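*Asks:* Everything below, folded, please.
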Amino acid sequence: MIKTEQPKQLLTDLFHSALNVVNGCSAVERYFNTHPIEGNVAVVAIGKAAPAMMLGAKNVLTEQIQSALIITKAGHADSQLGWPCIEAGHPIPNKKSLEAGASLIAFLSHIPKETKLVTLISGGASALVEVLPENVDLEVLIKINNWLLASGLPIHEINHIRQAVSLIKGGKALGYFHHNEITQLLISDVKMDMPEIIGSGLFVARKSVDSLHNADMLPVWLQKYIHKVEPAVASVSVKSHIIANNEMACQAIIKRAEKTHYAVTYHGQSLYGDVFKLAELLVKELLNAKPGIHLWGGEPTLRLPAEPGRGGRNQSLALAIACLIENSEGITVLVGATDGSDGPTDDAGAIIDGATLARARGFDAKVHLAAADAGTFLAEAGDLISTGPTGTNVMDIVIALKESI
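*Replies:* All right, here's what the predicted structure looks like:
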């Protein structure tokens, strides 16, 4: 039995138990230890978890790896790996993202025919690597991504738009590869674990021409950059495997929580939709629920104002919940991004309770929520949580402890 007098420490321990199970290194090691690959391989690792995934491949495949390319977020590189690593822009693409795209094409085109290709893809890949058509430059790409991130659209719609303005997304990277088979390992940061959406589907072949859903609802300036996603090269067989996802993280928390003296209730993969509506639903469920540990998985959405402040969707959700449980006793809630960075911040989220608002006296929570500046308020309250890069990215998790009063 886990014994703790501190609710915040208990929730933090549960959160980290999930991060350990879905870490990119351990997830890749588990896969290759049970599914050995023969012969020489070239490895492409792209995403926030790319260095951790590459380490897992290195630990198992060792000298089989003839060459590798790692593309990740700034501050996430592992200098001990020994292969070229490009740190590019995230969540907004930058010049390094275009350099990464050119490096990816060059790497793919120079893989010897007798060498197999392994791709390790995790969330964040969409911003980190790009090759643009002639009518799109970096300035336009940044404008598009700024609009997408502020739109409140779900990730599958955002990535469909990204695919439509890219020369490598939506399976188009396969056109630069001259072999017939790819083994692809994916850490899922999307609902329903759709390979064609994770990282905008760099290596997932399209079987038909796609028309963008509701393209006419996009701003006029954006519509002119939208193109149909053509079918990818049919001769390349891509075998995709989901090696870590949000459900695995939640199950790890459940397994750990069952060792406490609290009852455990899993509310499923229901953490989708607008953060403010979700806050109301979660608090209603909590207030009507029996005491114990309660768990939700998924990824909320947040529509941003023109000039957002500090924080992301998790911090906004946490502060919105804090407003609804103000002065309540016995309820503590952790809202966390499994990649360790909520929005363009170095904070994973927050752990709040009924005294959060009181701890930030002189600050108006509603004003900070309206300005998408929840992080500033939560920093004043001392409620932010920071993990640093986690080596994974499987969306978000909410863990709540309701104690008997």
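
*Asks:* CA only for contacts and neighbour counts going forward, please
*Replies:* Noted.

*Asks:* Tell me how far the nearest residue to Ala365 once chain neighbours are set aside lies from Ile352.
*Replies:* The shortest distance from Ala365 to any non-neighbouring residue, by CA to CA, 6 or more residues apart in numbering, is to Phe377 (6.7 Å). According to CA to CA, to the nearest Å, Phe377 stands 11 Å off from Ile352.

*Asks:* same question, Gly175
*Replies:* When distance is defined by CA to CA, Gly175 is 48 Å away from Ile352.

*Asks:* again with Ala150
*Replies:* From Ala150 to Ile352 the distance is 25 Å (CA to CA).

*Asks:* Which of those two has more residues huddled nearby?
*Replies:* Legend: neighbour count by other CA atoms under 10 Å for Ala150 and Ile352, higher for Ile352 (29 against 16).

*Asks:* In this structure that one contacts Glu329, no?
*Replies:* No: using CA atoms under 8 Å, Ile352 makes no contact with Glu329, being 11.6 Å away.

*Asks:* count of residues packed around Ile392?
*Replies:* Careful, residue 392 is Thr; it's not Ile. For Thr392, the count of nearby residues is 32 (other CA under 10 Å).

*Asks:* Quick check on it: phi, psi?
*Replies:* Dihedral pair for Thr392: phi -160, psi 180, per degrees, to the nearest 10.

*Asks:* What segments of the stretch 151-300 of the chain are strands?
*Replies:* In the stretch 151-300 of the chain, the strands defined using DSSP state E, counting those that start in this stretch lie at 181-187, 237-244, 264-266, 271-274, 292-301.

*Asks:* Check which residues of the second one are buried.
*Replies:* It refers to strand 237-244. For strand 237-244, the neighbour count (16 or more other CA atoms under 10 Å) marks Ser237, Val238, Ser240, Ile242, Ile243, Ala244 as buried.

*Asks:* Tell me which two of these sit farthest apart.
*Replies:* Largest separation among the buried residues of strand 237-244 by CA to CA: Ser237 and Ala244, giving 21.8 Å.

*Asks:* Give me the pLDDT for the residue lying closest to Leu81 once chain neighbours are set aside.
*Replies:* In this structure, Leu81 finds its nearest non-sequential neighbour in Leu55, 6.8 Å apart by CA to CA, 6+ apart. In this model, Leu55 is scored at 98, pLDDT.

*Asks:* Which secondary structure element is home to Leu55?
*Replies:* Using DSSP states H and E, Leu55 falls within helix 50-61.

*Asks:* Can you show me the CA trace of the next helix or strand after that helix as PDB?
*Replies:* Downstream of helix 50-61, the first helix or strand assigned by DSSP H and E is strand 65-73. What follows is strand 65-73, C-alpha atoms only, in PDB (Å, rounded to 0.1, in the frame of the first residue of the first chain):
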ATOM      1  CA  ILE A  65      22.000   0.600 -36.900                       C
ATOM      2  CA  GLN A  66      24.100   1.800 -39.900                       C
ATOM      3  CA  SER A  67      22.900   5.400 -39.900                       C
ATOM      4  CA  ALA A  68      20.300   7.500 -38.100                       C
ATOM      5  CA  LEU A  69      18.700  11.000 -38.200                       C
ATOM      6  CA  ILE A  70      17.100  12.500 -35.100                       C
ATOM      7  CA  ILE A  71      14.800  15.500 -35.300                       C
ATOM      8  CA  THR A  72      13.400  16.900 -32.000                       C
ATOM      9  CA  LYS A  73      12.300  20.000 -30.100                       C
END
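
*Asks:* What strands flank strand 65-73, and is each parallel or antiparallel?
*Replies:* Paired strands of strand 65-73, with direction, are strand 41-46 (parallel), strand 85-88 (parallel) (DSSP bridges).

*Asks:* I'd like those written out as TSV, with mean pLDDT added.
*Replies:* Putting the strands paired with strand 65-73 into TSV (pLDDT from 0 to 100) gives the following:
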stretch	mean pLDDT
strand 41-46	98
strand 85-88	98
